[in-house]
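Novice: here is my input; please provide its structure:
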Amino acid sequence: MRTVHTIPATISRFTAAPLTSKKRRRVAGYARVSTDHADQVTSYEAQVDYYTNYIKSREDWAFAGMYTDEGISATNTRHREGFKRMVEDALAGKIDLIITKSVSRFARNTVDSLTTVRKLKDKGIEVYFEKENIWTLDAKGELLITIMSSLAQEESRSISENTTWGQRKRFADGKVSVPYKRFLGYDKGPDGNLVVNREQAATVKEIYRLFLAGYTFHSIAAELTKRGISTPGGCKNWSQSTIRSILTNEKYKGDALLQKRYTVNFLTKETRENKGEVPQYYVEHNHEAIIRPEVFDQVQEELERRRSGGNRYSGVSIYSSKIKCGDCGGWYGAKVWHSTDKYRKTIYRCNNKFKNHCQTPHLTEADIQQAFLRAVNKLLAGKADIIENIRALQATLCQTDALEQEQAQHEADMNALAELTEQCIAENARIAQDQGTYQKRYDDLARRYDEAKKAYEDTVTAIKRRKTRAKQLDAFIHTLEGQEPVKVFDETLWSSLVDCITVYGEGDVRVTFKDGTEIKA
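Specialist: Residues are numbered from 1 along each chain as shown. Below is the predicted model:
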């Protein structure tokens, strides 16, 4: 008669240790909370205390340490240092069992959760999820892990969507919030809105002044670092990107553009610049301005001018990119003569002098200052007539009524074409028709819409330029009206009045002021 005898297993297929082994398992605990709120801090401390005492109370377990992450999201394991250190120690043979509160504490990302569990399982390391009572070395453990991780991931998605909805609702209501600890010039007021920090506001104003005086991002950053002024984040060294951000942030003129960036993936937390994918909201006059709107607009125009200029802009000093060569039209740049001896001096000369064989002479800083003083005093002598001419210029060249009518017409055309396009698509969905004819009609509507949109954008740009020019001329008039004849060179007056100086030859230096007036100095 055929007989089958069972030979029982004597070695664990996971740990390769005898089943009768009395060796104590090395057990580690893992605790995590996703925020630093007070109630979560209490939960975090409770988790740490509970698992430490729980593991130590078991005679068959040896405490292998407590691994923690505080204020870290579980949607991915990329930035969870405590988690990553625990897994590394386990794979290095220092841990036999990991205990944690639940699957959601371990990971809310199904892929991360399963990948980590399988990696540990291959090395005979078990994970115990107390809430769900899942042991990963159990036969049904992986199935339960998959189900619970998927549920946790969906919970994360739901939380993310609810958070996003709440944030966008705040944006739609015009509620403005900034990272106050890293935002220069404003503090959080009692009502939650922005309140000017007078000490920091002085730094913001200085950045705008230096930029309009001709300095570049790099030279402004170097100057502030040299003065020992702290950055928005409290650091000593300023960067060009920080300066650029301050000069282009509309909040400094009292407005706020909301939803500049949006979250692409709730798991990776990746964000992108919003280029029209989701709605944006622009709030005017939301809070007290640090920079006057006309000054802010002037800075934006200057930024555009420097970007679009044919020659590379230099802002080494207040004279850089302000002096033109009358022969080739290029900029003068600073050159140092006798750099290593007592006769050292800085002169300004056409950067293309030897390339284009320009005959224009060089200038010293004293030459530039004297030319400015002579020209500005000639300007002030006839300022009444000049102001009258500027007013007439504003009345003709800065009017925007006709352009605003064009803007309204282009906007109406865009709306009509968008509606026709939607009708075209809807008809194609309902009625069988020749697809070649449909595509031709659709392409024609799309082309006309793009043309109307470009015309609309060009008109908006033209309106903005005229309004900015009008404000600049107002500022120019304001400076002239209160200015007496000048005896000593003044940097502020130089930067607020002068557009450029053009050098044609010895004794032929002409100063062009910001209203377009050119005076031979």
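Novice: could you look up the SS state of Thr512?
Specialist: Recorded secondary structure, Thr512: strand (DSSP: H, G, I helix; E, B strand; the rest coil).
Novice: hey, what's it bridged with?
Specialist: Beta-bridge partners for Thr512, by DSSP bridges, are Cys500, Glu518.
Novice: let me see the contact set for it.
Specialist: Thr512 sits next to Val498, Asp499, Cys500, Ile501, Thr502, Glu518 when contact means CB atoms under 8 Å, 6 or more residues apart in numbering. For glycine as for every other residue, the C-beta is placed from the backbone atoms N, C-alpha and C.
Novice: you'd agree Val295 is up against Tyr208?
Specialist: Yes - counting by CB atoms under 8 Å, Val295 touches Tyr208, with 6.2 Å between them.
Novice: looking at the chain, which helix is longest?
Specialist: For the chain, the helix with the greatest residue count under DSSP state H is helix 435-481.
Novice: buried ones in the following helix or strand past that helix, by neighbour count?
Specialist: Next along the chain after helix 435-481, taking DSSP states H and E as the criterion, comes helix 491-497. Buried residues in helix 491-497, defined by neighbour count with 16 or more other CB atoms under 10 Å: Leu493, Trp494, Ser495, Ser496, Leu497.
Novice: ok, those vs Glu284, which is closest?
Specialist: Ser496 (26.4 Å; CB to CB).
Novice: that closest one and Thr421, how far apart?
Specialist: Here Ser496 is placed at a distance of 49 Å from Thr421 (CB to CB, to the nearest Å).
Novice: again, but for Glu301
Specialist: 35 Å.
Novice: next: Trp135.
Specialist: 59 Å.
Novice: who's more crowded, those two?
Specialist: Neighbour count, other CB atoms under 10 Å: between Trp135 and Thr421, Thr421 has more, with 17 against 14.
Novice: which SS state does that one fall under?
Specialist: Secondary structure of Thr421, per three-state DSSP, is helix.
Novice: switch to numbering from 425
Specialist: All right, first residue 425 from here; so that's Thr845.
Novice: for it, give me its contacts.
Specialist: Tyr866, Leu869, Ala870, Tyr873.
Novice: any of those buried? List them.
Specialist: Counted by 16+ other CB under 10 Å, these give Tyr866, Leu869, Tyr873 as buried.
Novice: can you tell me which of the residues you listed is closest to Glu835?
Specialist: Nearest to Glu835 among those, counting by CB to CB, is Tyr873 at 12.0 Å.
Novice: return the residues in contact with that closest one.
Specialist: Met838, Leu841, Ala842, Thr845.
Novice: relative to Ile811, which of the buried ones among the contacts of Thr845 is nearest.
Specialist: Tyr873 (45.5 Å).
Novice: look up how far Leu841 lies from that closest one.
Specialist: Taken as CB to CB, the span from Tyr873 to Leu841 is 4 Å.
Novice: try Asn621
Specialist: Note on Asn621: its distance to Leu841, by CB to CB, is 48 Å.
Novice: who has more neighbours out of these two?
Specialist: Neighbour count, other CB under 10 Å: between Asn621 and Leu841, Leu841 has more, with 20 against 17.
Novice: A strand includes the more buried one, no?
Specialist: No - counting by three-state DSSP, Leu841 is not found in a strand; it is helix.
Novice: my guess is it contacts Ala876. True?
Specialist: Yes - counting by CB under 8 Å, Ala876 is a contact partner of Leu841 at 6.0 Å.
Novice: list the contacts of Gly613.
Specialist: Counting by CB under 8 Å, 6+ apart, Gly613 touches Val619.
Novice: measure stretch 766-780 end to end?
Specialist: 32 Å (CA to CA, to the nearest Å).
Novice: buried residues in it, which are they?
Specialist: Those would be Ile771, Tyr772, Arg773, Cys774, Asn775, Asn776, Lys777, for stretch 766-780 by 16+ other CB under 10 Å.
Novice: and the two most separated of these?
Specialist: Every pair of the buried residues of stretch 766-780 checked by CB to CB; the farthest is Ile771 and Asn776, at 15.6 Å.
Novice: and the protein, what are its domain boundaries?
Specialist: The record's domain split for the chain, according to automatic domain parsing, is 449-583, 607-732, 785-944.
Novice: any weak-confidence spans in the stretch 425-574 of the chain?
Specialist: Counting by pLDDT under 70, the stretch 425-574 of the chain contains low-confidence ranges at 429, 431-446, 458-467, 495-503, 531-536, 563-574.
Novice: now with 50, please.
Specialist: The model of the stretch 425-574 of the chain has pLDDT under 50 over residues 437-440, 443, 460-465, 498-500.
Novice: could I get the full set of helices for it?
Specialist: Along the stretch 425-574 of the chain, counting by DSSP state H, counting those that start in this stretch, helices occupy 462-481, 505-515, 527-530, 534-546, 565-596.
Novice: does the first one pack against any helices or strands, and if so which?
Specialist: Contacting helix 462-481 under the criterion 3 or more CB pairs under 8 Å, 6 or more residues apart in numbering; DSSP states H and E are the following elements: strand 449-457, strand 485-494, strand 521-524.
Novice: now those strands as a markdown table including distance to Ile667 and mean neighbour count?
Specialist: Shown next, in a markdown table, are the helices and strands packed on helix 462-481 (distance: least, CB to CB, whole Å; neighbours: other CB atoms under 10 Å):
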| stretch | distance to Ile667 | mean neighbour count |
| --- | --- | --- |
| strand 449-457 | 38 | 22 |
| strand 485-494 | 34 | 19 |
| strand 521-524 | 46 | 22 |
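Novice: name the nearest residue to Val927, sequence neighbours excluded.
Specialist: Of all residues beyond its chain neighbours, the one nearest Val927 is Thr784 (4.8 Å), with distances taken as CB to CB, 6 or more residues apart in numbering.
Novice: cool, and Arg889?
Specialist: Closest residue in space to Arg889, ignoring its immediate chain neighbours: Glu725 at 7.4 Å, by CB to CB, 6+ apart.
Novice: ok but that neighbour is inside a helix, no?
Specialist: Yes - the assignment for Glu725 by three-state DSSP puts it in a helix.
Novice: my read: it touches Thr892, true?
Specialist: Yes - with contacts counted by CB under 8 Å, Glu725 reaches Thr892, the gap being 5.4 Å.
Novice: what bits of the protein have low per-residue confidence?
Specialist: Within the chain, the stretches with pLDDT under 50 are 437-440, 443, 460-465, 498-500, 690.
Novice: the residue most central in space within the chain sits in which helix or strand?
Specialist: Centroid check for the chain by CA atoms, centre = their mean gives Ser669 as the closest residue, at 7.0 Å. Element membership for Ser669, per DSSP H and E: helix 664-672.
Novice: and what of Thr926?
Specialist: strand 922-929.
Novice: so what's the residue count around Leu727?
Specialist: By the criterion of other CB under 10 Å, Leu727 has 15 neighbours.
Novice: tell me how far it lies from Arg798.
Specialist: 31 Å.
Novice: same question for Thr885.
Specialist: Per CB to CB, Thr885 is found 37 Å from Arg798.
Novice: neighbour count: those two, which is higher?
Specialist: A direct count of neighbours by other CB under 10 Å for Thr885 and Arg798 places Arg798 higher, at 16 against 12.
Novice: not counting its neighbours along the chain, what's nearest that one?
Specialist: Nearest residue to Arg798, sequence neighbours excluded (CB to CB, 6+ apart): Ala945, at 4.6 Å.
Novice: doesn't Cys749 make contact with Thr784?
Specialist: Yes - using CB under 8 Å, Thr784 and Cys749 qualify as a contacting pair, with a distance of 5.0 Å.
Novice: what residues are shared contacts of these two?
Specialist: Shared contacts of Thr784 and Cys749, defined by CB under 8 Å, 6+ apart, are found at Cys774, Lys777, Val927.
Novice: Leu544 contacts Thr560, correct?
Specialist: Yes - using CB under 8 Å, Leu544 is in contact with Thr560, at 7.3 Å.
Novice: thanks a lot, see you next time.
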